[in-house]
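Participant: Mind looking at a prediction? Sequence and model below.
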Amino acid sequence: MDEPQTLILKVNGQEYKLRPDSRTTVLDALREQIGLTGTKKGCDHGQCGACTVHLEGERVLSCLLLVEGLAGREITTIEGIADPAGELHPMQQAFIDHDAFQCGYCTPGQIMSAIACVKEGHAGSRMEIQEFMSGNLCRCAAYPNIIEAIEAVRAAVLDPANSIQ
Amino acid sequence: MIPFRYQHANDIADAVALAGRLNDAQFIAGGTSQVDLLKEGVQRPTVLIDIFRIGLSEITDLQGGGLSIGANVRNSTASDHPAIRERYTAIAEALHAGASQQIRNMASMAGNLLQRTRCPYLRDPAQRCNKRDPGSGCAAVEGFNRMHAIFGQTDEGAQSQRTCIAVHPSDMAVAMAAHEAVIVIHSSTGERRIAFEDLHRLPEHDPSRDTNLACDDLIVAIELPAFNGTSHYLKVRDRASYAYALVSCATAVEMDGDRIASARVALGSVAHKPWRLFAAEALLQGERPSEELFRRAAEAGLEGARTYSMNGYKPDLARVLVARALSETTGLTPLQGPAGTAFAASVGGIAGVIEES
Ligand SMILES: Cc1cc2nc3c(=O)[nH]c(=O)nc-3n(C[C@H](O)[C@H](O)[C@H](O)COP(=O)(O)OP(=O)(O)OC[C@H]3O[C@@H](n4cnc5c(N)ncnc54)[C@H](O)[C@@H]3O)c2cc1C
Ligand code: SF4
Ligand code: FES
Ligand code: FES
């Protein structure tokens, strides 16, 4: 096989030079090479959502993405969503306020997915949240509180819009 | 994963030439099927040809009222596209009821059609599987076959090199069968179009092949013929969301006054390919919609089904589903959610909750 080429992966606004094997997934590159371990490996087969990150703003599964395929495209992880001054992202805060986790293993993936779910406009009702968050499993079954947290953020996002009307 | 080389194709000609020239090369689009199977050692390419940079990501109107969908259009883009939602509703519903939003954001239209069966033995190199290792036999006939075929399978016993009772798992493919999509292909011999019915194949004597495509056949687009009717998709699964179908049904019905001008009905997860119910379709043509007619059509469509130790539930489930899908498509029964969404497609509602919308 060929020698691995140097490849640049953009994560949370920073460029990382990697020499990936062609088999390296974004999940493994994040955790093992870059040292960002917030993104979790649950199943490694696309079935649990623990590895959810944003690719150019859209939620995707990093365990099914090969680094080689990304060249130059921008990834955001759970480490990249709080504001630089350290204030938590509203979704992170809502997960704390609504006690939306127990062990916390699924939580980074849940939060990344939830942020996208609200942004996509797929958090209109509890039923819609359940459907559009179904790609994120929670073994502790914190679902009711996760849904509450998402509803709270969606309400806050919609609030100013409502007052304009 | 067995090591492979990774190569980006820059345009269609490049992709086709690479695939023709390199031994054991395979395309990769969204990678959601491909990477999973690479990890399991089921796919063993020496080179992966990434087709993302080619583009093929447009949805355009065709002359005469049809729609062309580029091979690389994301499943989530297609599922929310107004033309697909309004004119080809079954396709939007099937997409929304398949996988998860993360996977739909990655998955391409061509990749969706070409995803491999979810037969558990395909993914387990310790078990016999003619699809993975031709000649090794089939562990499913005498094993865990709850998800397996009732039509078109080859079954000459567990030891036979021909046996395969796997089903095609794609939801969208079932809806595309009902819409009689046309597949546009580029290969070393130029461009050609094939009927949807001829894309996937039955296992016959060679279960290792899922489709009639050659290794350098690149799907560039899927064309949907003009359609002036109503189409719909219904899916039954073990859990309310994010699960493959046990049985699914797509219908596409065009009316002429109060009579059915044409009806196309396809079942999913019952065969190695989306399974058209031609006998049922013939029975429906020219008739007035009624529950009794739909029950008869379902009865005719399910004739000849052959079941295994664990999938005996499928013919009954399919009969009920066909009759209900036709009834909902023709307006005899209301949809259980807004047309074009997962809520219309998911039998049983989401997590058992059916909210007023
Ligand atoms: C956990 C999980 C749950 C899922 N649930 C569902 C579900 O409920 N319903 C459902 O329908 N699907 C489901 N899927 C499957 C998913 O829809 C498919 O994996 C996806 O659509 C494949 O698209 P892709 O672009 O990622 O394909 P890839 O993995 O990139 O490719 C798949 C195949 O297509 C070939 N290919 C890709 N593009 C072309 C082209 N243009 N020309 C020729 N060959 C090409 C590749 O060589 C490969 O053989 C699920 C997947 C996962 C992981
Ligand atoms: S049914 Fe087909 S895919 Fe499944 S084990 Fe048998 S040969 Fe393999
Ligand atoms: S680790 Fe990626 S979906 Fe489970
Ligand atoms: S909080 Fe434990 S898996 Fe979700």
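Facilitator: Received the coordinates, thanks. Numbering: from 1, shown residues only, chains lettered A, B, ... in the order given. Ligands and ions are numbered 1, 2, ... in the order given.
Participant: Quick one: residues contacting A:L137.
Facilitator: Each residue near A:L137 by CB atoms under 8 Å, 6 or more residues apart in numbering or on different chains is listed here: A:42, A:47-50, A:106. For every residue, glycine as well, the C-beta is placed using N, CA and C.
Participant: all helices of the chain, in order?
Facilitator: With no chain named, the answer covers chain A. With DSSP state H as the definition, chain A shows helices at residue ranges A:26-28, A:90-97, A:107-120, A:126-132, A:143-164.
Participant: other chain: chain B
Facilitator: Going by DSSP H, chain B shows helices at B:12-21, B:34-39, B:75-79, B:82-87, B:89-96, B:101-106, B:109-114, B:171-178, B:278-284, B:291-301, B:314-329, B:342-345.
Participant: could you say what helices and strands the fourth one packs with?
Facilitator: For helix B:82-87, the elements it packs on are strand B:59-61, strand B:67-70, helix B:89-96, judged by 3 or more CB pairs under 8 Å, 6 or more residues apart in numbering or on different chains; DSSP states H and E.
Participant: Select, out of the ones you listed, the one closest to B:A195.
Facilitator: Judged by CB to CB, the one of these that comes nearest to B:A195 is strand B:67-70, at 15.7 Å.
Participant: List the neighbours of the closest one that are in contact with it.
Facilitator: Residues outside strand B:67-70 that contact it (CB under 8 Å, 6+ apart): B:55-62, B:78, B:83-84, B:87-88, B:109, B:184, B:220-224.
Participant: Any of these buried? List them.
Facilitator: Among those, the ones that count as buried by 16 or more other CB atoms under 10 Å in any protein chain shown are B:56, B:59, B:78, B:84, B:87-88, B:109, B:184, B:220-224.
Participant: Tell me the residue of the stretch 51-200 of chain B that sits nearest ligand 3?
Facilitator: Using CB to the nearest ligand atom, the closest approach of the stretch 51-200 of chain B to ligand 3 is made by B:Q102 at 7.7 Å.
Participant: what about that residue, neighbour count?
Facilitator: Using other CB atoms under 10 Å in any protein chain shown, B:Q102 has 28 neighbouring residues.
Participant: do the same with A:Q47
Facilitator: The burial count for A:Q47: 16, using other CB under 10 Å.
Participant: For it, give me the pLDDT.
Facilitator: Looking at A:Q47, its pLDDT stands at 97.
Participant: For ligand 2, what is the nearest residue in the stretch 251-357 of chain B?
Facilitator: For the stretch 251-357 of chain B, CB to the nearest ligand atom, closest residue to ligand 2: B:H272, 8.3 Å.
Participant: quick one: that residue and B:D238, what's the gap?
Facilitator: Noted for B:H272: a distance of 21 Å to B:D238, by CB to CB, to the nearest Å.
Participant: The closest residue to chain A within the stretch 51-200 of chain B: what's it in contact with?
Facilitator: Among residues of the stretch 51-200 of chain B, the one nearest chain A by CB to the nearest CB turns out to be B:S100. It sits 2.4 Å away. By CB under 8 Å, 6+ apart, the residues touching B:S100 are A:49, A:134-136, B:242.
Participant: re earlier: I'd like the buried ones among the contacts of strand B:67-70 laid out as a markdown table, including pLDDT.
Facilitator: Below are the buried ones among the contacts of strand B:67-70 laid out as a markdown table (pLDDT from 0 to 100):
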| residue | pLDDT |
| --- | --- |
| B:L56 | 97 |
| B:I59 | 98 |
| B:A78 | 98 |
| B:I84 | 98 |
| B:R87 | 97 |
| B:Y88 | 98 |
| B:M109 | 98 |
| B:V184 | 98 |
| B:V220 | 98 |
| B:A221 | 98 |
| B:I222 | 98 |
| B:E223 | 98 |
| B:L224 | 98 |
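Participant: And the residues you listed, which is closest to A:Q33?
Facilitator: Checking the buried ones among the contacts of strand B:67-70 against A:Q33 by CB to CB gives B:L56 as the nearest, at 31.3 Å.
Participant: can I assume the closest one is in contact with B:G111?
Facilitator: No - using CB atoms under 8 Å, B:L56 is not in contact with B:G111, being 11.4 Å away.
Participant: quick check: mean pLDDT across stretch B:281-297?
Facilitator: Taken as a whole, stretch B:281-297 has an average pLDDT of 98.
Participant: So what touches that stretch?
Facilitator: For stretch B:281-297, the surrounding residues in contact (CB under 8 Å, 6+ apart) are B:253, B:258-265, B:277, B:280, B:300, B:319, B:322-323, B:326-327, B:330-332.
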